[in-house]
Each structure stands twice: as structure tokens, then as C-alpha cells.
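In: Sequence plus predicted model, see below.
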Amino acid sequence: MSDAPELLDDLAGAGRQLREKIPGVYSGYVKMAAAAMGEGGELPARMKELIALAIAVTRECDGCIAAHARGAARQGASGREVAEALGVAILMNGGPGTVWAPRAYAAFQEFSAGQ
């Protein structure tokens, strides 16, 4: 992934078009995301973004990586915290983790540079 912000912009247009066709699905997803990722509960939102970023690496999803790298940066995650979360993703994924984790770290660096 070379430009995570650009990737999110590219996905937004297609996402809006699909959301117009199935608004109930998207509405339900937004509610679930808010319940899972918000500040409520025992885990701070920063930690939840780190978990989501590691899962995004596991799923090999560039759009997910970009979204949760941005989320981690917005929630104030440090580069070291991101690197450690990605180390766990590498452990759990082996070789593919060594390809996708660096992409995730690069995306985080792009977003955190603007913070």
C-alpha cells in the first residue's frame, strides 16, 4: 500500500453507491462498529484500533488496514504500540504477516504524520 489516504478516498465513492442500495445493511454495520470500537467498556478505543489493525493484516485487507491505521493514529497510538500489535499479527500469520504488517505500519505512518 503506497498511499493509504488515497485508497480510502477511492473506496468511498463505490461504498456510497452501494450504501444507497442497501442502507439498512450499512446502518446496522455503523451501529455495530460504534458499539465495538467506542470508548465504552474496559478497552480504550486506541487498543481496539490496534486489535482491528492486527486483524486487518490477518485478513489481508488493504482498505481495512488503511481505515484502522488511520483510527490508531487518530486515537493517539504510538509507533511502538502499532509495531508491537503488528508483531503479534506476524506471529499468528507467519510469512504473509511479514508482507501485510509492513503495509499496515506504512499506512499508520502516513496517517500519524498528519496528526
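Out: Here it is on my side, so go on.
In: where in the chain is pLDDT low?
Out: 1-2 (pLDDT under 70).
In: Tell me which residue lies nearest the centroid of it.
Out: Using C-alpha atoms, centre = their mean, the residue of the chain that lies closest to the mean C-alpha position is H68, 1.7 Å off.
In: Would you enumerate the residues in contact with that residue?
Out: If you count contacts by C-beta atoms under 8 Å, 6 or more residues apart in numbering, H68 has them with 49, 52-53, 56, 104. For the C-beta atoms, the positions are set from N, CA and C on the backbone; glycine is no exception.
In: State the helix or strand in which it lies.
Out: With elements delineated by DSSP states H and E, H68 resides in helix 62-74, which encompasses its position.
In: next helix or strand past that helix?
Out: Following helix 62-74 toward the C-terminus (DSSP H and E): helix 79-93.
In: Show me how far that next one is from its chain's centre.
Out: The chain centroid and the centroid of helix 79-93 are separated by 13 Å, computed with C-alpha atoms, centre = their mean, to the nearest Å.
In: Residues contacting it, please?
Out: Taking contacts as C-beta under 8 Å, 6+ apart, the residues outside helix 79-93 that touch it are 46, 50-51, 53-55, 57-58, 69, 72, 97-98, 100-101, 104-105, 108-109, 112.
In: What angle do helix 62-74 and that helix make with each other?
Out: 150 degrees (axes from the mean of the first three to the mean of the last three C-alpha atoms, to 10 degrees).
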